[in-house]
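Novice: Make a model of this:
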Amino acid sequence: MNKLYNTVELNSMRKLKKDFEEVGQGDDFTVGTIQRRLRAGKEKASAIYAQLVEEDKKILGEFRLFNRQGMDKIEKSGDMDDATEIIFIGMLIEYLAHKHKLSPEVTVGILLDGINKWPASFEDDEPSEGVTSE
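Specialist: Sure, this is the predicted structure:
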């Protein structure tokens, strides 16, 4: 793939982004900032910005939904601790609530109704010790 920018441009914007973050202005570093500093078009600035955002990502783990022999299953990868898993599930609930314009409480109620009607079976996973609902 032919990139829209070169290594010198990327490295200079990487440094500028770091400078913004060091003085507490990381949120002010935008595509527009790159356009102005490099005197570049939106397409090039957006490509550089996307690369810098991608570099900042740290995947903690993921859940995948798949179907095997007519049964829906989930698979977890990564090494998420219990607290991170709980935060992740909370974020999913908030996402669903926002998407469907419901409160998180109503969304959880709907999810619990579904769990009660169609419980999943877990063959391999044992509950972690010390996780409580308190």
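Novice: Could you name the helices and strands sitting against the biggest helix by length in the chain?
Specialist: For the chain, the longest helix by residue count, based on DSSP state H, is helix 82-99. Judged by 3 or more Cβ pairs under 8 Å, 6 or more residues apart in numbering; DSSP states H and E, helix 82-99 is in contact with strand 61-68, helix 104-117. No exception for glycine: its C-beta is placed from N, CA and C like everyone else's.
Novice: Mean pLDDT lowest where, among these?
Specialist: Mean pLDDT values for these show the minimum at strand 61-68, a mean of 85.
Novice: Check which residues of that one are buried.
Specialist: Within strand 61-68, no residue is scored as buried using 16 or more other Cβ atoms under 10 Å.
Novice: Quick check: can you list the domain ranges of the protein?
Specialist: Split into domains by automatic domain parsing, the chain comes to 7-56, 61-117.
Novice: Of those domains, flag the one that's most buried.
Specialist: The highest mean neighbour count among these, using mean count of other Cβ atoms under 10 Å, belongs to domain 7-56: a mean of 14.
Novice: and residue 38, how far is that from residue 28?
Specialist: Distance, residue 38 to residue 28, using Cβ to Cβ, to the nearest Å: 16 Å.
Novice: Considering only helices and strands, which part of this structure has the lowest mean pLDDT?
Specialist: Within the chain, no helix or strand scores below strand 71-78, which has a mean of 82 by mean pLDDT, DSSP states H and E.
Novice: Please enumerate residues in contact with it?
Specialist: With contact meaning Cβ atoms under 8 Å, 6 or more residues apart in numbering, strand 71-78 is reached by 59-67, 120.
Novice: Identify the farthest-apart pair in these.
Specialist: 60 and 67 (25.1 Å; Cβ to Cβ).
Novice: Tell me the spacing between the spatially most distant residue from the centre of the chain and residue 8.
Specialist: Most distant from the centre of the chain: residue 39, at 30.9 Å, with distances by Cα atoms, centre = their mean. As judged by Cβ to Cβ, residue 39 and residue 8 stand 14 Å apart.
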